[in-house]
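> Predicted coordinates and the sequence they were generated for:
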Amino acid sequence: MVHHSRRESFSDMANSVVCPDTDLLWPFGKLDGLDRDEIRETAYEIFFAACRSSPGFGGRTALTFYSKHNGGDNQGEGAGGGGSGSGFGSLGRKEVVTTPTSRVKRALGLKMLKRSPSRRMSTTIGTALGAKSAPSSPGNGSVGGGGGGSSLHISQGAGFLTVPPSRPRRPLTSAEIMRQQMRVTEQGDTRLRKTLTRTLVGQTGRGAETIILPLELLRHVKTSEFGDAHEYQIWQRRQLKVLEAGLLLHPSIPLDKTNNFAMRLREIIRQSETKPIDTGKSSETMSTLCNAVVSLACRNANQDVCHWSDGYPLNVHLYVALLQSIFDIRDETLVLDEIDELLELMKKTWSMLGITRPVHNLCFTWVLFHQYIVTSQMEPDLLGASHAMLAEVANDAKKSDREALYVKLLTSTLASMQGWTEKRLLSYHDYFQRGNVGLIENLLPLALSSSKIVGEDVTISQGSSQEKGDVKLVDSSGDRVDYYIRASIKNSFSKVIENMKTKTAVTEEGEEAAKMLLELAKETEELALRERECFSPILKRWYSVAAGVASVSLHQCYGSILMQYLSGRSTITKETVEVLQTAGKLEKVLVQMVAEESEECEDGGKGLVREMVPYEVDSIILRLLKQWTEEKLKAVHECLSRAKEAETWNPKSKSEPYAQSAGELMKLAKDAIDEFFDIPIGITEDLVHDLAEGLEQLFQEYTAFSYIPTLPPLTRCNRDSKFVKLWKKATPCTASGEDLNNLSGGAPVIADGNHPRPSTSRGTQRLYIRLNTLHFLSTQLHSLNKALSLNPKVLPAARKRYRERTNSSSYFDFTQAGIETACQHVSEVAAYRLIFLDSYSVFYESLYTGDVANARIKPALRILKQNLTLMTAILADRAQALAMREVMKASFEVVLTVLLAGGHSRVFYRSDHELIEEDFESLKKVYCTCGEGLIPEEVVDREAETVEGVIQLMSQPTEQLMEDFSIVTCESSGMGLVGAGQKLPMPPTTGRWNRSDPNTILRVLCYRDDRVANQFLKKSFQLGKRR
């Protein structure tokens, strides 16, 4: 015999109410006396007898078999309904299962195993396939058991072929697959084949339902066919117990207790308990047994049909054992690909077991569901398949000709499935986590479908004791999901407070109770968020306000604990205020969730809102409003302190191109003002001023911090050079390694003539972020001021404040003024940094160096355009005009510096002024066309006047320059005309260059390379000739 670990009797399962290793109720009634293995072996015998005419079950010439279920009823038979490839389409030869796809699996949403049809192979080594062909069950050792292969004498009609030892492995037949799945030994299978062959000799057309199989087996199977007498006695006892269960304990036709045949059968069964009965042909006991069994089995009007295995619950137990064979014994979460053929063969047992299609659908549904549970719920497809079968069950349940037994079976089966699912749905927070929450999507419709099929009101007990009462629910999807949500929320919440309950009761004073309530509020909010994120998206498919109901339940649960905490407290402490504030915030979160769900509710959410009794903490919060204001200002100040220590002036995001600290600062301020006015009490203007004054001080501090960092100046050039004086405007900026590389001739800005690269350094870009941040602050201050000034809740002030005395229109005037100054300063610094530092190599270092014609401004303009494009891409719209204007000024300034303080590498001729004038016009055009009118053309012309004046000086003859210089110098020094022997004084460098400035004219002469200029400069100022 084949031994395996799980050998509990069905009667034990019924007595213990639940199925082994699960908490699932067994729905098919008690079956005393037969254990699990005996049920399975008997089921296989019935299956084999019913299918004996099918290929693989009979001999070379298969017996003709006419089942009542063979003709005319192919509805729902799947791929096994006689189609090609089923393995049973033709008689007279042994066929293998080669169906590439399964209609049943496809209909149930089950995946194919994706193995070759030949994956189940048999090695035909030996002389008889019946003894050696099929592999044994897992863990059973060698095949054959007791008597071994040598003791078998196989008749010619038994269907076993002798094949050469060298024949390769072949696919298993459906008969062999079924034998493996049912864990039947080859010895038992051979014995069964021989018995049926002996029994049905000359009875080719005899129906399976006319055979009393246990009686035939007792008549024809002898002790010699077993390994020992004890094994035979066990086998005989099983056959007698099957007859007892089918004819005496659970007959399909009610039995009179005084029936003589029944009494004789009981007596024979009792005698077999001590020793085997004699089954010989001349045995009186066997004759009595045959007479009694036949008389009891054929008590119906149709004497041709025997009723010995179609009584409930025996028939269902046997059929369920057959259905459970569809699961792969190597991986019980998988359904065999041959399910279509196997189910078609099982259908042949319906006439013997009294199974109808509705009963089959019901049993098949439960078997799939049971398998999902016993395999540790590892395969959701099994649950989905069970739900798919419920649709068939629902159709069957609607029929008017339902039998009473079917209704009983339907009720018990659905109650079993519904009980298991609702146990989890009523506490879904405990059973489902983020990893498996999707299982609710399969479990919930199964529970709802079960309820719908039952079609009656269901009383659900609330709580463990009767005194809490029962809740009668209308069996609708919405009501049941509502109940699941409320029950699971309360169960989960009760577990959260279980560890806090004792402490809360004994610690009425002090900080411990407050800490516990704060922690409870946090846990409650997390539970609400988890509910909304994980469970509500699934539950709302069946109940549109699932998240709203969960929020209402949590609101009620927390409100009950809050009221307990507040009872008996006459004074409000800091801890109490914190608890109330947290409770208020929690309430807002929950109310918001309800409000979001109310949009889809038929009554606009009024029903849910009515369930939420407000916590009524307004009066307590009013007295502590000033303390609350101080705490909020403190939070803003902490944000400011963190910004001073850690702000890097990088953009928060592409859509928010300002410093992250500014966003955090404004968010804190906005939240403080919003929460300030959310308190449903009268707020005086004095309190508004207190909050506004505190915020403005912090805003002014942040504004100053955002543009006046204390950083060292750059000292790249000579201390007295014009370049350094210009660069000092950019002193408050960091001199990074990148910046120094630019100044010292690092990587060239222009990779080649056709692909210029932008030269804006990270430091300059950070200045742009500072500028964006200042404009962001300005915009936010307008919003905050509007929120403070126009809020209708503000009451007149009790005392006059400076705001009225100065007729100020804003609470943040001082901050706004500081921001305007800071924007001007940062724009100027960024512009000079961009032109004199980042673009050093293309402007000051390269422009007009050596030869004007070969060092024109075109390369610099290409870089400038890219830098301006980058600048406008980074800067907010409001900041672009000022920044562009400052860049224009800086670029004009660098042109002046190149022309008047360009160093020894530059020299100009009078004829160069035309090229320079053309270049400058190109530079002006950049600002006139860049940014869609950021700078009006008249502004560009006005700022360009100084440079254009210098270029006009460069166009004048040297003699004219000398004359103009002498006149202007004498006038500015007050010495009048220069007399004989007098020298012109050296004009000071003022930095305010223009065409009437003597120092400007002198510099034009210094860069003029001709003989007259050289003589004049040497004679007047002892300046040597340019080399």
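Alright, I've got the coordinates. Numbers count the residues shown, from 1 in each chain.

> Help me confirm that residue 910 comes into contact with residue 951.
No. Taking contacts as CB atoms under 8 Å, residue 910 lies outside contact range of residue 951: 11.5 Å. Yep, even glycine has a C-beta here, placed from its N, CA and C like the rest.

> Dump whichever strand or helix holds residue 294 to PDB, restricted to CA.
In the assignment (DSSP states H and E), residue 294 maps to helix 284-297. The C-alpha trace of helix 284-297 is given here as PDB (Å, rounded to 0.1, in the frame of the first residue of the first chain):
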ATOM      1  CA  GLU A 284     -23.300 -19.400   2.300                       C
ATOM      2  CA  THR A 285     -22.200 -16.100   3.700                       C
ATOM      3  CA  MET A 286     -21.300 -14.900   0.300                       C
ATOM      4  CA  SER A 287     -24.600 -16.000  -1.100                       C
ATOM      5  CA  THR A 288     -26.400 -14.200   1.700                       C
ATOM      6  CA  LEU A 289     -24.300 -11.100   1.100                       C
ATOM      7  CA  CYS A 290     -25.000 -11.100  -2.600                       C
ATOM      8  CA  ASN A 291     -28.700 -11.500  -2.000                       C
ATOM      9  CA  ALA A 292     -28.900  -8.700   0.600                       C
ATOM     10  CA  VAL A 293     -26.700  -6.300  -1.400                       C
ATOM     11  CA  VAL A 294     -28.600  -6.700  -4.600                       C
ATOM     12  CA  SER A 295     -32.000  -6.400  -2.900                       C
ATOM     13  CA  LEU A 296     -31.000  -3.200  -1.200                       C
ATOM     14  CA  ALA A 297     -29.300  -1.700  -4.200                       C
END
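
> so what does that helix touch, helix or strand wise?
Applying 3 or more CB pairs under 8 Å, 6 or more residues apart in numbering; DSSP states H and E, we find helix 284-297 packed against helix 213-220, helix 260-271.

> Now do the first one and helix 284-297, the angle between them.
Orientation note: helix 213-220 sits at an angle of 160 degrees relative to helix 284-297 (axes from the mean of the first three to the mean of the last three CA atoms, to 10 degrees).

> now helix 213-220: mean pLDDT?
The pLDDT scores in helix 213-220 average 90.

> Just name whatever secondary elements it is in contact with.
helix 36-50, helix 186-199, helix 229-243, helix 284-297.

> quick one, the second one and helix 229-243 angle?
In this case it means helix 186-199. 60 degrees.

> quick one: buried residues of the helix holding residue 294?
Within helix 284-297, the residues scored as buried using 16 or more other CB atoms under 10 Å are 285-286, 288-290, 292-293, 295-297.

> In CSV, list those along with pLDDT.
Rendered in CSV, the data for the buried residues of helix 284-297 read as follows (pLDDT from 0 to 100):
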residue, pLDDT
285, 90
286, 90
288, 92
289, 90
290, 91
292, 91
293, 91
295, 89
296, 90
297, 87
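
> of these, closest to residue 880?
Nearest to residue 880 among these, counting by CB to CB, is residue 297 at 99.9 Å.

> So the closest one is in contact with residue 306, correct?
Yes. Between residue 297 and residue 306 there is a contact at 4.2 Å, judged by CB under 8 Å.

> which neighbours do these two share?
Both residue 297 and residue 306 are contacted by residue 212, under the criterion CB atoms under 8 Å, 6 or more residues apart in numbering.

> show me the contacts for residue 249.
Residues in contact with residue 249 (CB under 8 Å, 6+ apart) are 32-33, 314.

> repeat that for 10 Å
30-34, 241, 243, 255, 311, 313-314 (CB atoms under 10 Å, 6 or more residues apart in numbering).

> likewise residue 585?
Listed by CB under 10 Å, 6+ apart, the contact set of residue 585 reads 521, 525, 675.

> Over to residue 277?
218, 233, 236-237, 240, 268-269, 271, 283, 285-286, 288-289.

> Could you identify the most distant pair in these?
The most distant members of those, if one measures by CB to CB, are 233 and 288, lying 19.3 Å apart.

> ok, back up a step: pick the most deeply packed of the helices and strands packed on helix 213-220.
helix 36-50 (a mean of 24; mean count of other CB atoms under 10 Å).

> next helix or strand past that helix?
Downstream of helix 36-50, the first helix or strand assigned by DSSP H and E is helix 103-108.

> Output that following helix in CSV with nothing but the alpha carbons.
Written as CSV, here are the backbone C-alpha positions of helix 103-108 (Å, rounded to 0.1, in the frame of the first residue of the first chain):
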residue,chain,number,x,y,z
ARG,A,103,-10.6,25.2,-22.7
VAL,A,104,-11.4,24.7,-19.0
LYS,A,105,-8.2,26.5,-17.9
ARG,A,106,-8.8,29.3,-20.3
ALA,A,107,-12.4,29.7,-19.0
LEU,A,108,-11.2,29.8,-15.4
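
> Which residues belonging to it are considered buried?
Neighbour counts using 16+ other CB under 10 Å place 103-105, 108 of helix 103-108 among the buried residues.

> now swap in stretch 829-837 and tell me
For stretch 829-837, the buried set under the neighbour-count rule, 16+ other CB under 10 Å, comprises 829-837.

> could you pull out the helices for the stretch 901-1027 of the chain?
For the stretch 901-1027 of the chain, applying DSSP state H, counting those that start in this stretch gives helices covering 913-929, 937-955, 958-973, 998-1006, 1011-1021.

> And for the stretch 501-650 of the chain?
Using DSSP H, counting those that start in this stretch, helices in the stretch 501-650 of the chain cover 511-530, 536-539, 546-566, 574-598, 606-611, 618-623, 625-646.

> I figured residue 358 hits residue 409, correct?
Yes. Between residue 358 and residue 409 a contact is recorded at 9.0 Å, counting by CB atoms under 10 Å.

> contacting residues around the nearest residue to residue 534 once chain neighbours are set aside?
Sequence neighbours aside, residue 437 is the residue nearest to residue 534 in space, at 5.0 Å (criterion: CB to CB, 6 or more residues apart in numbering). By CB under 10 Å, 6+ apart, the contact set of residue 437 is 428, 431, 530, 533-535, 537-538.

> same thing with residue 527?
429, 489, 492-493, 496, 550, 554, 557-558.

> Tell me the spacing between it and residue 498.
To residue 498, residue 527 is 14 Å away according to CB to CB, to the nearest Å.

> Same check on residue 425?
For residue 425, the distance to residue 498 (CB to CB) stands at 22 Å.

> thinking again about what came up before, which neighbours do residue 358 and residue 409 share?
Joint contacts of residue 358 and residue 409 (CB under 10 Å, 6+ apart) are residue 403.

> Least confident secondary structure element in this protein?
helix 129-132 (a mean of 35; mean pLDDT, DSSP states H and E).

> neighbours of residue 937, just the number please.
Using other CB atoms under 10 Å, residue 937 is surrounded by 13 other residues.

> so which strand or helix has the nearest residue to residue 812 once chain neighbours are set aside?
Spatial nearest neighbour of residue 812, excluding adjacent residues (CB to CB, 6+ apart): residue 781 at 4.7 Å. Under the criterion of DSSP H and E, residue 781 resides in helix 762-789.

> Give the buried residues for that helix.
Buried-residue list, helix 762-789, by 16+ other CB under 10 Å: 763-778, 780-781, 784-785, 787-788.

> Quick one, grab the pLDDT at the residue nearest to residue 534.
The model's pLDDT for residue 437 equals 84.

> Can you tell me how far it is from residue 846?
Residue 437 is 65 Å from residue 846, where distance means CB to CB.
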